[in-house]
Structure formats: structure tokens, C-alpha cells
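# build the 3D model from these lines:
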Amino acid sequence: MPRCRPRLGRGPEEGAEGGTSRAASGSGRSTAPSYPGTATSTGADEPHRSGVSAAPDILGPSLPFLATGLSHHLAPLPVRERLHLDEDQIVESLRALVGHAGLTGAVCLSTCNRTEFYVTTRDDRQSQQATDRFFHYISPGPSYSELIYSHAGRAGLHHTFRVASGLDSVVLGEAQVLAQFKRAHRLAQQAGTIDAELDLVMRRAVETAKRVRTSTGISRQAVGYGQAAITVARERLGDLTGLGVVIVGAGSVGSATARLLKRAGAAPLFVARRGQKAQNLAEALGAEVVDLEQLPEHARSVRLIVSSTSSEDRVISQELISEVRMAQDPGQGLLILDLAVPRDVEPEAALVAGVTLLDLDQLGEVIRENLSQRERHRPAAEAVVEAAISDLELELGRRAAVPLITALVDRAELVRQGELARTLSRMRPLSDEERAHLDRLTQAIAAKLLHHPIAFLRQHADDPERRQIVEEAFGLEGAQDD
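Residues are numbered from 1 along each chain as shown. Next up, the predicted model:
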């Protein structure tokens with residue numbers, strides 16, 4: 001995936017799809033995308049189905065967990081640009097949410113295709129309200145409520161695990177989202193906004209994503225923006241052998257695309273960016289390093305421009321492209337692939353005669369057409385996710401039962417010691433050996449009495465209602481909150 005960068009406070013371009021209306025729930029909040037096996041699945045407008053049967057949501061009372069945000073499923077590119085957060089903004093927002101909104105934990109994942117929050121709290125409604133306020137805070141202008149989805153409890157875990165595993169990506173099974181997911185976890189640790197439960201969720205999501213990649217074939221076929229760029233270039237320009245290309249940006253996507261173009265026979269190659277990365281890429285490809293302003297000088301040999309920089313502003317202007325086209329043969333044509341978010345190329349450049357400008361959303365359509373091989377492995381990948389969530393539920397249930405078991409044992413020990421001391425005070429003086437015998441006797445009685453309640457709690461660790469029965473029966477109200 002291309003590296004994203006923030007441009008907060010800038011509205012969507014005029015004529016963009018930022019005002020696209022989508023069907024929403026009665027609360028004004030869309031529940032899409034919803035997924036099979038989750039409590040929120042409606043069966044309508046779902047991105048895909050795995051065939052995994054739905055499982056009951058038992059996490060609501062025991063772990064209020066919420067995954068909320070917006071993504072490529074509903075939000076067009078200009079909206080995703082506006083709401084993208086850089087690392088400093090992520091840390092700041094996490095601290096604000098957990099420090100002032102009553103959340104117990106929060107993680108933010110902000111990539112080219114999504115900005116999402118994964119949060120834990122004692123109250124799902126509190127989580128919802130806090131994240132609603134935050135999205136309004138970072139973008140107080142247009143209302144994006146119809147583009148934001150929310151998944152609570154088990155459905156939230158299901159969504160989170162699928163995101164980490166690349167099952168919710170534009171490029172099915174793509175690997176880079178896992179690196180971005182790990183970075184989101186580290187940033188939350190840096191911000192100090194990870195509680196024990198959320199830390200466990202994030203770690204299990206990463207482990208599951210790795211298992212999906214190694215145990216299924218969902219990542220074996222090479223499908224990505226670089227490959228999509230090559231496919232589009234061939235469709236539009238034909239054989240790439242001897243075709244001149246300008247690479248703007250020497251990051252991971254730009255470098256990968258440049259190497260694919262080199263392998264396809266494209267030549268000459270120009271790297272239009274200064275810096276050590278650009279120099280290294282040019283040396284590796286046998287390319288020439290040039291300034292953007294020099295492009296008109298090389299225009300006659302260039303048919304393709306691929307741009308993917310980390311600039312906060314537009315890098316390629318309409319004026320520059322006009323100059324390039326004026327230096328070219330009128331019938332030659334120029335293809336520009338903008339792989340950056342926010343976009344590198346001024347949209348108006350598409351108005352220049354002979355220019356075809358495609359951005360990530362348009363390349364995404366090409367990618368989706370090339371995913372049939374990976375789609376065959378989706379059911380197996382979804383099954384891995386479903387099994388991992390079931391295991392996590394049991395683990396979270398056991399964790400939830402630990403404070404109650406501890407409180408039960410502590411209560412029994414307090415009663416045992418109190419009654420033993422009261423009995424000894426009314427008896428004749430006993431020897432140390434006799435006292436030890438009585439102490440062991442009362443310990444054995446308490447242990448036998450506690451055996452069945454503790455076994456019950458461990459057996460039904462994932463059942464909050466049964467834990468509550470034990471809590472009330474033994475007068476341990478509030479123990480689960482300790």
C-alpha cells in the first residue's frame with residue numbers, strides 16, 4: 001500500500017464525491033461493512049461472505065470492545081485524505097480519547113484506505129460517543145456520519161482480525177496492512193493507551209494474520225498496486241519494452257513499481273526525486289536522476305509517469321504536465337498513475353489534452369478484477385479468523401473469571417481465619433502441633449467447599465451471566481471490575 005500522509009483541515013476537492021450519501025441505520029450511523037459470522041451482519045451490501053456460521057456474541061458484557069471508523073468500502077478518496085492521521089496526531093488523539101473520554105484503551109489505525117479506532121471501555125455507548133466526537137473534532141466541516149461504521153463486541157473483534165489479516169483490504173490478502181497494524185499497536189503503547197485486554201486483542205490479531213498468510217494461499221498470487229500499475233500500463237500503452245518512464249518518489253511502492261517496469265523492459269527510466277533513496281534506486285535500476293522541472297526536457301522519450309511520494313502537498317501541477325505535453329508528439333499520449341494518498345498530481349492535470357490520469361481508487365477497480373485466484377482461498381482464511389476469535393473469547397473469559405476466583409478465595413480465607421481465631425479463643429491453650437492440625441483441617445474444608453464453585457467458574461469462564469450468579473451468591477459484587 002502507498003504511504004499515506006495527513007492533510008487535515010482541507011476539504012474535498014470541488015466536484016469530488018465527498019458528499020456521497022449512503023443508506024444508514026436509524027441512528028444515522030451506517031453498520032456497513034458487516035461480515036458473516038457477526039451479530040451486525042444484515043445480508044445487504046456486504047463486501048463478501050465466508051460461509052462461516054454465525055456465532056453468538058458473548059463478549060458484550062465481559063469486554064465492551066468497539067471497532068469504529070471509515071474505509072474504502074464507503075468513504076471516497078477525498079474523504080479518506082481529509083481524515084488521515086499521521087503518527088503524532090495518532091498519539092495525541094489516543095491520549096485525548098483515553099484521558100478525557102473515559103475509555104480504558106484505544107488504538108488508531110490510519111492508512112491510505114481507512115482510519116479506524118479500536119477501543120475498550122466499561123460502556124459501549126461511551127465508546128461510541130467518544131469516537132463520534134473525535135471524528136467531528138478532526139473534521140468539523142462536512143458530516144461523515146453516514147460513512148462511519150461501528151462494530152461492537154464479537155463483531156468488533158471479527159472486523160479487527162479481518163483487517164489485520166488483509167481480508168478487508170482493497171487488495172485481498174495484502175501484507176502491508178499487517179505492518180501498519182503492528183505500527184498502530186506500537187503507537188498506542190507509546191501513547192500509554194493500551195490496557196491488558198486491548199493489548200491481548202492486538203497481539204492475537206497479529207498472530208492470526210500471520211497464520212492466515214502461512215496456512216492458506218491467500219497471499220501467494222502477486223496482487224498489489226505495483227502489479228496493478230503494470231497491468232494498466234500494458235492495457236493503455238501496449239508492450240512496455242523501450243517505453244520511457246518517470247518514477248516520482250523512491251518509497252516502497254515507487255521502488256517496487258520501478259523494478260517491475262525495469263523487468264518489463266521499460267527504458268529509459270528517470271527518477272524525479274532528490275535524496276539518498278532516489279540515488280540508490282536510480283543506481284539499482286540504471287536510471288537517471290532528474291528534477292521535476294527538467295521533465296519537459298525528457299518528454300519526447302516518456303510515455304508513463306508513476307508518482308508515489310510522502311509529500312503533504314501536490315507534487316505535480318497541471319502546468320508542469322502541460323509543459324511536458326507541449327514537448328511531446330501530439331499523438332503520443334501520456335499516462336499518469338498517482339499511487340499516493342493524499343494524491344500527488346493536481347486533478348486538473350487530467351484536463352490536459354492527451355493525458356490519462358488514474359488514482360488509487362481507479363487502480364483499485366483493476367485490482368479487484370485480478371483477485372479471482374486469491375478469492376478461492378478466502379473461506380479458509382475466514383475460518384482461521386473465526387477459530388482465532390473463538391479461542392480469544394475463551395481466553396478473555398478466563399481472564400474475566402480470574403478476579404472473581406481470587407475474590408472468592410480471599411473471602412473464604414478471611415472467613416476461615418476469622419472463625420478459627422474465634423474458636424481458638426474459646427478453647428483451652430493448644431500446643432503448636434494442635435494449632436497446626438486445626439489450621440490444616442480448616443484449610444482442607446475451605447478447599448473442598450471452593451472446589452466446585454471454582455471449577456464452575458473455569459468451565460463457564462466465557463459466560464458472564466453465570467459468573468454474575470456466583471458473584472451474587474457469594475456476595476462478591478464488583479469483584480469482576482477489580
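# could you look up the SS state of Ala75?
Here Ala75 is recorded as coil under DSSP: H, G, I helix; E, B strand; the rest coil.
# how close does it sit to Leu292?
Noted for Ala75: a distance of 30 Å to Leu292, by CB to CB, to the nearest Å. C-beta: built from backbone N, CA, C; applies to glycine.
# who has more neighbours, the two?
Neighbours were counted for Ala75 and for Leu292 using other CB atoms under 10 Å; Ala75 has more, 26 against 17.
# give me the pLDDT for the nearest residue to the more buried one once chain neighbours are set aside.
Leaving out its chain neighbours, the residue that sits closest to Ala75 by CB to CB, 6 or more residues apart in numbering is Leu147, at 4.6 Å. As predicted, Leu147 sits at a pLDDT of 89.
# repeat for Arg10
On the pLDDT scale, Arg10 is placed at 34.
# could you do Gly51 as well?
We have a pLDDT of 33 for Gly51.
# where does Ser311 fall, phi/psi-wise?
In terms of degrees, to the nearest 10, the main-chain angles of Ser311 are phi -70, psi 150.
# before we move on, what about Leu70?
Main-chain dihedrals, Leu70, degrees, to the nearest 10: phi -140, psi 160.
# what's the spacing between it and Thr111?
In this view, Leu70 and Thr111 are 12 Å apart by CB to CB.
# with Ser169 instead?
Look at Ser169 and Thr111: by CB to CB, they are 9 Å apart.
# about what we covered before: would you confirm that the residue nearest to Ala75 contacts Leu74?
Yes. Counting by CB atoms under 8 Å, Leu147 does reach Leu74; the two are 4.6 Å apart.
# okay, strands next: where are they in this structure?
Along the chain, the segments classed as strands by DSSP state E run 65-71, 105-110, 114-120, 149-152, 244-248, 269-271, 288-289, 302-307, 334-338, 355-358.
# which outside residues touch the third one?
Counting by CB atoms under 8 Å, 6 or more residues apart in numbering, strand 114-120 makes contact with 63-72, 80, 83-85, 97, 103-110, 127, 130-131, 134, 156, 160, 163, 195, 197-198, 201-202, all of which sit outside it.
# neighbouring strands - and their directions - for that strand?
Applying DSSP bridges, strand 114-120 is found paired with strand 65-71 (antiparallel), strand 105-110 (antiparallel).
# list the residues that contact the closest residue to Arg368 other than its chain neighbours.
Computed as CB to CB, 6+ apart, the closest residue to Arg368 that is not its neighbour in sequence is Val170, at 7.3 Å. Counting by CB under 8 Å, 6+ apart, Val170 makes contact with His72, Asn113, Gly364, Ile367, Arg368.
# what pLDDT does Ala229 get?
Looking at Ala229, its pLDDT reads 87.
# quick one on the thing from earlier: now the residue nearest to Ala75: how far from Arg368?
Leu147 is 20 Å from Arg368, where distance means CB to CB.
# who has more neighbours, those two?
Under the criterion of other CB under 10 Å, the comparison of Leu147 against Arg368 puts Leu147 first, with 26 against 15.
# count of neighbours near Gln129?
Counted with other CB under 10 Å, Gln129 comes out at 13.
# show me what counts as buried in stretch 377-395.
Going by neighbour count (16 or more other CB atoms under 10 Å), the buried part of stretch 377-395 is His377, Arg378, Ala381, Glu382, Ala383, Val384, Val385, Glu386, Ala388, Ile389, Leu392, Glu393.
# give me the beta-bridge partners of Leu70?
Bridge pairing for Leu70 (DSSP bridges) gives the partners Thr115.
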